[in-house]
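Peer 1: Sequence first, predicted model second:
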Protein chains: 2
Amino acid sequence: MFYPQFNQEFRQMLATMEDKKVVVLGHLRPDGDCVGSQIAFCRCLLAMEIEAVCINPDPIPRILRSFLGGTPFYLPHEFSGEGFSAANMDCADKTRIGQGLQARYPEILANIDHHISNPAYGRYNFIDAGSSATAEILAGLFLDCGLPIDEIAAQALYVGIVTDTGQFRFPSTTRQVFEICRLLIERGADPAAAAMELYERESLSKLRLLERFLASLQLVCGGRACIGVIKNGVYQETGADKEDSEGLVDYARSIDGVEIAVLLEERDGAIKGSFRSKDPVHRVDQLARNFNGGGHACAAGFNCRGHLEEFYSNLVEVLQEHFRQAQTSPII
Amino acid sequence: MFYPQFNQEFRQMLATMEDKKVVVLGHLRPDGDCVGSQIAFCRCLLAMEIEAVCINPDPIPRILRSFLGGTPFYLPHEFSGEGFSAANMDCADKTRIGQGLQARYPEILANIDHHISNPAYGRYNFIDAGSSATAEILAGLFLDCGLPIDEIAAQALYVGIVTDTGQFRFPSTTRQVFEICRLLIERGADPAAAAMELYERESLSKLRLLERFLASLQLVCGGRACIGVIKNGVYQETGADKEDSEGLVDYARSIDGVEIAVLLEERDGAIKGSFRSKDPVHRVDQLARNFNGGGHACAAGFNCRGHLEEFYSNLVEVLQEHFRQAQTSPII
């Protein structure tokens, strides 16, 4: 049993769904774990002959599209079915399903997530912050309950786990993660094929964006933090998409001695920020709250108004204050 | 049983070693699988009260040193013990243990490897080309035979697997790989700690080198090949080391549509080149032979005299000719 604490309630919830139609919702700017979990949950419902579709407020990123395998995915304006119950995947905060969808589905029947900040806003909640990915929870529950996992669902769940563990690099990568991956491979997941789609279909534009981001890297706070920026116009100059900034901040974090990394994107008078830390002691979710953001202890983000130069020096002060208050010693 | 075909012979070999002293050898320019396997095998022998040391022809790379955990490692000139039997790890070709060591240990008692080209030059040979890493074979045999795997050995074996599978990306990443990793975690391997050492101790100089490499990328042959260069002076300008070019060529390979990637390093009138392909059909070892090089079907290299501009156009012609002759259709 991977999730004995959830088992019975999960079965109960599925029983409730048997006479319903279900929309499987993701979150804004869907990532591999969100889309992977949607695919798998939707296919499980369909296999149980429950009417189900996936809806996302934003389009599925290019590199994830090959994993859909015909699973019904819609943008909000493309789907107008009525009388559907909502199941949220990987969505820490009800508002992250997007404004329009939130108005359409004010009540959430199922809330499956691994974000510590999730306030359990669903009727049924399956939240485990100790899990590496929502896909890990779903896979574990499917396996525990003997529910259908076809090849496409197995690969989608694997994609959720591999992306949300940073390719098995984050501290959430437990032996259970490896056990579940093994069982997903037995059900048709293909690690090399997943990696080819996820990591070997980059665009030259994305690499040009990476080049510009690397050129902007600056160490601050005596090398304990590293900030990189993408200024207005860089997307246009490189031909990269907004979604190509995914993963850039990890380069800043990868530097020896750096404990907190920040990516700042200038977007017409607004700033989008991403925090990453090597150690949860830094609680970057709390740092992000300074700028009306949030997230995990090691990965958080924010959006705020402001101009880059001003914001940058403000941020450096916040980081300095953080290291002073935390009185943590540098990781050696 | 992970390796039923080897089990009995492996026990036999260990029995032979009980009244011997053993040097555990690696290969030139040792990598994670080589060093990880050496650590684990040496510790297993030591735990069995067999005198054992590791010797390498080249120094252990910086990022691998933290995994040694006090296991005795020497360079050839640092160790002069006599009467030792030799056990080779991850060494496809007897000559790759280094000239001096080959003269010192002409007979190899144990030959443990996963390279298809290994001609079984040892008295006991445990060669399985279907395994992702020599460390996978060793871990499987230790587990099969109930041999000691302490925390340091477990982590070392995990490092061998994670590096030789390209972080679980290569086609050799089977369900057995995940099962063995799970069992290694049970014995003390720590994926996040390994990843921290392997991938989160980059230097800013290395990232500056990457920036310069990315800036140089050019698609040729209608986007089927990508060439990046590091010109004379770039190491000095970025402060990067020669070993920091490791992995750069993978960025060129990662581009969608690119089938063959090339890194060219200009080194004072000479050129060092690396080829990578996504598909073994391209036999980049044969391409490298045009320039007195060689290697594997998907990864090869060469060193030759020449000037970059001239060489570059020559290379483009060779690639064009290759795609023409191969008459392979682009990977879609």
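Peer 2: Looks like it arrived, so ask away. Residues are numbered from 1 along each chain as shown, chains lettered A, B, ... in the order given.

Peer 1: Quick one: distance of the helix-or-strand element of chain A with minimal mean pLDDT to the chain centre.
Peer 2: Least confident element among the helices and strands of chain A, by mean pLDDT, DSSP states H and E: strand A:294-295 (a mean of 86). Remark: strand A:294-295 is offset 11 Å from the chain centroid, using C-alpha atoms, centre = their mean, to the nearest Å.

Peer 1: repeat for stretch A:106-114
Peer 2: With C-alpha atoms, centre = their mean, you get 16 Å for stretch A:106-114.

Peer 1: again, but for stretch A:237-256
Peer 2: Distance, centroid of stretch A:237-256 to centroid of chain: 15 Å (C-alpha atoms, centre = their mean).

Peer 1: can you pull the buried residues of it?
Peer 2: Burial within stretch A:237-256, assessed by neighbour count using 16 or more other C-beta atoms under 10 Å in any protein chain shown, is assigned to A:238, A:240, A:243-246, A:248-255. (Each C-beta comes from the backbone N, C-alpha and C, glycine too.)

Peer 1: Return the closest of these with respect to chain B.
Peer 2: The closest of these to chain B turns out to be residue A:254 (C-beta to the nearest C-beta; 4.6 Å).

Peer 1: residue ranges of the helices in chain A, please?
Peer 2: A:7-17, A:32-47, A:99-104, A:134-145, A:151-164, A:175-186, A:191-199, A:204-216, A:234-238, A:248-253, A:284-289, A:308-326 (DSSP state H).

Peer 1: Save these as CSV, and put in mean pLDDT too.
Peer 2: Shown next, in CSV, are these (pLDDT from 0 to 100):
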stretch, mean pLDDT
helix A:7-17, 97
helix A:32-47, 98
helix A:99-104, 94
helix A:134-145, 98
helix A:151-164, 98
helix A:175-186, 98
helix A:191-199, 96
helix A:204-216, 97
helix A:234-238, 96
helix A:248-253, 96
helix A:284-289, 95
helix A:308-326, 94
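
Peer 1: Quick check: the gap between residue A:37 and residue A:191.
Peer 2: Applying C-beta to C-beta, to the nearest Å, the value for residue A:37 to residue A:191 is 18 Å.

Peer 1: more neighbours, the two?
Peer 2: Shown here are residue A:37 and residue A:191; by other C-beta atoms under 10 Å in any protein chain shown, residue A:37 has more neighbours (36 against 26).

Peer 1: how about the nearest residue to that one once chain neighbours are set aside, what does it touch?
Peer 2: Leaving out its chain neighbours, the residue that sits closest to residue A:37 by C-beta to C-beta, 6 or more residues apart in numbering or on different chains is residue A:89, at 3.9 Å. When contacts are counted by C-beta atoms under 8 Å, 6 or more residues apart in numbering or on different chains, residue A:89 touches A:24, A:25, A:26, A:27, A:34, A:37, A:38, A:41, A:112, A:113, A:134, A:138.

Peer 1: and what of residue A:194?
Peer 2: Shown in contact with residue A:194 (C-beta under 8 Å, 6+ apart): A:67, A:155, A:158, A:159, A:162.

Peer 1: out of the helices of chain A, which comes closest to residue B:106?
Peer 2: helix A:191-199 (39.0 Å; C-beta to C-beta).

Peer 1: Could you list the buried residues of the closest one?
Peer 2: A:191, A:192, A:194, A:195, A:196, A:197, A:198, A:199.

Peer 1: Test my guess that the first one contacts residue A:158.
Peer 2: In other words, residue A:191. Yes - Residue A:191 is within contact range of residue A:158, at 6.8 Å (criterion: C-beta atoms under 8 Å).

Peer 1: For these two, list the residues in contact with both.
Peer 2: A:181, A:185.

Peer 1: follow-up on the earlier one: will you turn the buried residues of helix A:191-199 into CSV that also has distance to residue B:286?
Peer 2: Compiled in CSV, the buried residues of helix A:191-199 are given as follows (distance: C-beta to C-beta, whole Å):
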residue, distance to residue B:286
A:191, 28
A:192, 23
A:194, 30
A:195, 26
A:196, 23
A:197, 28
A:198, 30
A:199, 26
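
Peer 1: got the domain boundaries for chain A?
Peer 2: A:7-199, A:204-326 (automatic domain parsing).

Peer 1: before we move on, the earlier item: of the buried residues of helix A:191-199, closest to residue B:62?
Peer 2: Comparing the buried residues of helix A:191-199 against residue B:62 with C-beta to C-beta picks out residue A:199 as the nearest, at 24.8 Å.

Peer 1: State the pLDDT value of the residue lying closest to the closest one once chain neighbours are set aside.
Peer 2: Leaving out its chain neighbours, the residue that sits closest to residue A:199 by C-beta to C-beta, 6+ apart is residue B:254, at 6.1 Å. On the pLDDT scale, residue B:254 is placed at 96.

Peer 1: can you pull the contacts of the nearest residue in space to residue A:322 that is not next to it in sequence?
Peer 2: For residue A:322, ignoring the flanking residues on the chain, the nearest one in space by C-beta to C-beta, 6+ apart is residue A:287 at 6.2 Å. By C-beta under 8 Å, 6+ apart, the contact set of residue A:287 is A:260, A:275, A:300, A:318, A:319, A:322.

Peer 1: wouldn't residue A:240 be in contact with residue A:206 here?
Peer 2: Yes - assessed by C-beta under 8 Å, residue A:240 is found in contact with residue A:206 at 5.4 Å.

Peer 1: thinking again about what came up before, ok, so of the contacts of residue A:194, who is nearest chain B?
Peer 2: Using C-beta to the nearest C-beta, residue A:162 is the member of the contacts of residue A:194 that lies nearest chain B, at 7.3 Å.

Peer 1: correct me, but that closest one touches residue A:168?
Peer 2: Yes - counting by C-beta under 8 Å, residue A:162 sits close enough to residue A:168 to count as a contact (7.1 Å).

Peer 1: Now do the shared contacts for the two.
Peer 2: residue B:168.

Peer 1: Between the two, point out the one with more neighbours.
Peer 2: Comparing residue A:162 with residue A:168 by other C-beta under 10 Å, the one with more neighbours is residue A:162, at 28 against 24.

Peer 1: Tell me which residues touch that one, please.
Peer 2: Counting by C-beta under 8 Å, 6+ apart, residue A:162 has contacts A:32, A:168, A:191, A:194, A:195, A:198, B:168.

Peer 1: Relative to residue A:136, how far out is it?
Peer 2: Look at residue A:162 and residue A:136: by C-beta to C-beta, they are 11 Å apart.

Peer 1: Please apply the same query to residue A:78.
Peer 2: 30 Å.

Peer 1: okay, the two: which has more neighbours?
Peer 2: Set residue A:78 next to residue A:136 and count neighbours by other C-beta under 10 Å: residue A:136 wins out with 30 against 9.
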